[in-house]
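> need a 3D model of the sequence below.
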Amino acid sequence: MKSWTKSLIHSLFLSKGLNWLLNKALSQHICIFTLHRPVGPHGLNGVDLTMLEGFLRLLRRHGCEFISVDDLFAKRHHLNPAKNYVCFTVDDGYQDQSESLIPILLKYDARPTLFIITDLIDKQTLPWDAQIATTIRATDHSELDAGALGVPGERILSLKDKRHARRYLSLHAKRLERNARQAFTDRLKHTLCGEADIDTRHFEPTSWQRLNELHKEGLTVGTHTCSHSPLSTLSKDDIRQELSDSLAVVKKNIPSPSKIFCYPVGMKEDFDERAADIIKNQGFIGALISEPGYFVSDAVEKNPFAVPRLSLPATTNTAVRYTSWMEKLRAVQ
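Predicted structure coming up:
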């Protein structure tokens, strides 16, 4: 597609007037993007930083307004329908996020919020899903007797496509109760890597010192629990402790933490009403999930504790479409 054609399409998609009409007619629709790791040797899907920077420049050029997730929730009654707000969130707290991804968001005053797994930073403990990822990345095995580990479905799992294997095993692990999940992760390590040390160099956590530096530049920091355990698999007491302990650690280390909570994993099966009630009682004013969708003012007014987000697409054209009045209109239908 020629550059002038792309520019014309972007101008149409990001039209202030058409966005205003949609917001006035159908309630305010706002895109909250969620980002994880930048592209790198970790073996996970990653954000292309060149694409991200170009997208941010494009949003600014077309008059989109960046808003923090806290302001989005706090000011939802007074948002200007004439503005196309865009919000950015980042999950987990790895070093490559704090060194390369978040600085780009701050460079364009995108007002990002980083939701951190506090045990990752405070105790240098990799969460269960990162343990699975590093195990799959490190193994020389070409297949796994998954049935012997209690994984339903195909007994023999090919490890040639490591991303598929990681997702398959993580999907099983996230459904287990906390102790069973850790036991499964330990057995998987022993089965695939024996007693050998696993290389975790590409899963280094960031530090409190670095987070405070970024906070001074405009980053907001919030909690993503202590261990990244899906809350639906925990007891009420464990949910309460995960939230209170992680929030206490963030408050101890970071000034003015986010009043928004971010569910671990965050799909519909990963949280429930018990968790939402405890989140409210902890003083949070809202919570984010990972199901795709828009921040819609009317829906958030009814339930601010299960607000969807959109994963940042791999291409600029798709990302622009997600922020457009047209895609928001399609989401209503």
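> all contacts plus neighbour counts: C-alpha atoms, from now on.
Noted.
> where along the chain do the strands fall?
29-35, 65-66, 85-92, 113-116, 143-145, 156-158, 220-223, 260-262, 286-288, 295-296, 310-311 (DSSP state E).
> output the contacting helices and strands for the third one.
What it means is strand 85-92. Helices and strands touching strand 85-92, by 3 or more Cα pairs under 8 Å, 6 or more residues apart in numbering; DSSP states H and E, are strand 29-35, strand 65-66, helix 69-74, strand 113-116.
> looking at this protein, which helix is longest?
Assignment by DSSP state H gives helix 236-253 as the longest helix of the chain.
> report the buried residues of it.
By neighbour count with 16 or more other Cα atoms under 10 Å, helix 236-253 contains the buried residues I239, R240, E242, L243, S244, D245, S246, L247, V250, K251.
> got the contact list for it?
Surrounding helix 236-253, the residues in contact under the criterion Cα atoms under 8 Å, 6 or more residues apart in numbering are 117-119, 122, 208, 212, 221-227, 231, 257, 274-275, 278-279, 282.
> kindly recompute the last result at 10 Å.
Contact partners of helix 236-253, identified using Cα atoms under 10 Å, 6 or more residues apart in numbering, comprise 116-119, 122, 178, 208-209, 211-212, 221-235, 256-259, 261, 274-275, 277-279, 281-282.
> could you do stretch 159-172 as well?
Contacts to stretch 159-172, defined as Cα under 10 Å, 6+ apart, come from residues 43-45, 128-137, 139-144, 146, 150-152, 157-158, 173, 181, 184-185, 188.
> next: stretch 270-281.
Stretch 270-281 has contacts (Cα under 10 Å, 6+ apart) with 174-175, 229-237, 239-241, 243-244, 260-265, 282, 284-287, 289-290, 303-306.
> buried among those? Make that a ChimeraX selection.
Buried subset of the contacts of stretch 270-281, written as a ChimeraX selection, criterion 16+ other Cα under 10 Å:
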select :174,175,229,230,231,232,233,234,239,240,243,244,260,261,262,263,264,265,284,285,286,287,289,290,304,305,306
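> before we move on, the earlier item: Y322: which of the strands of the chain is closest?
strand 29-35 (7.3 Å; Cα to Cα).
> what about the stretch 1-150 of the chain, any weak spots by pLDDT?
Within the stretch 1-150 of the chain, the ranges that satisfy pLDDT under 70 run 1-2, 4.
> where exactly do the helices run in it?
Using DSSP state H, counting those that start in this stretch, the helices of the stretch 1-150 of the chain run over residues 3-13, 16-26, 49-61, 69-74, 95-96, 102-107, 118-122, 128-138.
> sorry, back to before: now the buried members of the contacts of helix 236-253.
116-119, 122, 178, 211-212, 221-234, 257-259, 261, 275, 278-279.
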